[in-house]
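Asks: Quick check, what structure comes out for this input:
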Amino acid sequence: MKIEQLYTSCLAQGAYYIESNGEVAIIDPLRETQTYIDKAKSNHANIKYIFETHFHADFVSGHVDLAKKTGATIIYGPGAETNYTIHSAHDNEEFKLGNITIKVLHTPGHTLESTTYLLIDETGKNHAIFSGDTLFLGDVGRPDLAIKSDLTKEDLAGMLYDSLRNKIMPLADDVIVYPAHGAGSACGKNLSKETVGSIGDQKKTNYALRENMTKPEFVKEVLDGIAPPPQYFQKNAMLNKTGYDTFESVLKTGHIPLTPEDFETIVNREDALMLDVRPQSDYIKSHIPNSIFIGLNGQFAPWVGALITDIKQPILLIVPKGKSKEAITRLSRVGYDNTLGYLEGGIDAWTIAGKDTDSLESISAEEFAVREKHSDLDILDVRKDGEYQSMHLENAQHFALDSINENMSDVSKNKKYYIHCAGGYRSVIAASILKARGFHSLVDIAGGFGAIKKTDLSITDFICPSESKS
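Replies: Next up is the predicted model:
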């Protein structure tokens, strides 16, 4: 028996390769499927099953493509309905894979069809669970993502409580837990950085598995502080339910090198969004006017999904050399399949062609501290709500990047804004969006709040929740 976790850090997502006696099962595959096919081929094995723990909302799964290429059966839990052929399993149904067994444990709550798969080894012992978004390490899945359901999030939270206590907690403490996500995923509130655990450890450390916890207590705690889901979640869930174009076709239509002239023509003809995915230092130095920065060196796909509201938006790419396929691939993972090409030769080719460029003023935290001491600056803190509430500059305006599209009326083109996040990635994203919308008096604070805290600004310039100032 072989179990391999294939973890994708930028999505904080774990897919799984399970092999026994020449037969393979893949759990929650990514959109690009060749890795799984190649792995099975190299082991002289055949992919027999594709198990989906639920209709994923935070990424487009590769189950449809993988089934077409291999003939494997797609398996969902009870009640799943799709526009393509699947086996909708019943609770406690068992599937033979070589010398092992995979048993269906229907665990609704995150979504109605959510299912945990129990792996029973060659000796008949419960070895591991693949818990999807039902149980994470340190947390559980958010119960507010069901597609077209008349049930409330409180109803689903109650179901999740029952699922955990009736299906998961009775398992032996040494059963391994393989979740679908780790820290950084928006599918839960407080996920651990660890990606493999055990039932016993979770009973000790996971608030949701606390002994003697009542259902009302669970519902209250699991819903407390849960942020609204990113706008692309429902769109990705529907793609996983209805199907999608093949990854190869997306790559074929998107991976087209363009001259500066062709690039410019397509921008105007297709009303395409120019997406600059280079490191933020490169964008700061020189970029195409009205281009939007979301760098590949950060949580690229989730920020694309959160900020580009039209999943069918035509996109043209400005990429570092050799990164064009990677950018298209990572866009496709969250359903943004309408890439029309990339600027061949990058910003250098654009400049050589005599096209206009722009730049973003960026200063060190030390320089910011000097200016802050001598002037009443307008500061935008674009971190998440929890980060801002934990500690922030006293006179900073909170303008969370997550909700920038809904809160544009909170900023003025007549002001000069000093923008920071935690480390410098998100502030440049925010600045690029504001610049594209006509805000040109912007200053990025390099290193973000982490660097600002190390300056000689007085402690009284910072506010923590426990502090009150008069």
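Asks: Distance across stretch 3-12, terminal residue to terminal residue?
Replies: 19 Å (C-alpha to C-alpha, to the nearest Å).
Asks: just how off-centre is it within its chain?
Replies: Taking the mean of its C-alpha atoms, stretch 3-12 sits 12 Å from the chain's own mean (C-alpha atoms, centre = their mean, to the nearest Å).
Asks: Can you tell me what sits against that stretch?
Replies: By C-beta atoms under 8 Å, 6 or more residues apart in numbering, the surrounding residues in contact with stretch 3-12 are 13-18, 30, 35-36, 39, 58-59, 119, 128, 178, 181-185, 191, 195-196, 299-302, 330, 333. (C-beta placed from N, C-alpha, C; glycine too.)
Asks: partners of the lowest-mean-pLDDT helix or strand in the chain, with directions?
Replies: Taking mean pLDDT, DSSP states H and E as the measure, strand 462-463 is the helix or strand of the chain with the lowest mean score, a mean of 90. Looking at strand 462-463 with DSSP bridges, its partner strands are strand 392-393 (antiparallel).
Asks: next structured bit after the strand it pairs with?
Replies: Going down the chain from strand 392-393, the next helix or strand is strand 396-398, by DSSP states H and E.
Asks: Mind giving me the packing neighbours of that next one?
Replies: If contacts are counted by 3 or more C-beta pairs under 8 Å, 6 or more residues apart in numbering; DSSP states H and E, strand 396-398 sits against strand 378-381, helix 385-390.
Asks: got a list of contacts for it?
Replies: By C-beta under 8 Å, 6+ apart, strand 396-398 touches Asp378, Ile379, Leu380, Asp381, Arg383, Asp385, Tyr388, His392, Asp410, His420.
Asks: what's the closest non-adjacent residue to the first one?
Replies: Same thing as Asp378. Lys415 (4.7 Å; C-beta to C-beta, 6 or more residues apart in numbering).
Asks: Tell me if I am right that the one you found is in a strand.
Replies: No. Assigned with DSSP: H, G, I helix; E, B strand; the rest coil, Lys415 falls outside any strand and is coil.
Asks: burial measure for it, as a count.
Replies: 13 (other C-beta atoms under 10 Å).
Asks: Thr242 now?
Replies: Neighbours of Thr242 (other C-beta under 10 Å): 12.
Asks: Isn't it up against Asn83?
Replies: Yes. Counting by C-beta atoms under 8 Å, Thr242 touches Asn83, with 4.5 Å between them.
Asks: mind checking how far Phe439 is from Ala400?
Replies: Between Phe439 and Ala400 the distance is 17 Å, computed by C-beta to C-beta, to the nearest Å.
Asks: coming back round to it: dump the contacts of strand 396-398 to CSV, plus pLDDT.
Replies: Below are those laid out as CSV (pLDDT from 0 to 100):
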residue, pLDDT
Asp378, 97
Ile379, 97
Leu380, 98
Asp381, 97
Arg383, 97
Asp385, 90
Tyr388, 94
His392, 95
Asp410, 97
His420, 98
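Asks: from the residues you listed, which two are the most distant?
Replies: Asp378 and Asp385 (20.2 Å; C-beta to C-beta).
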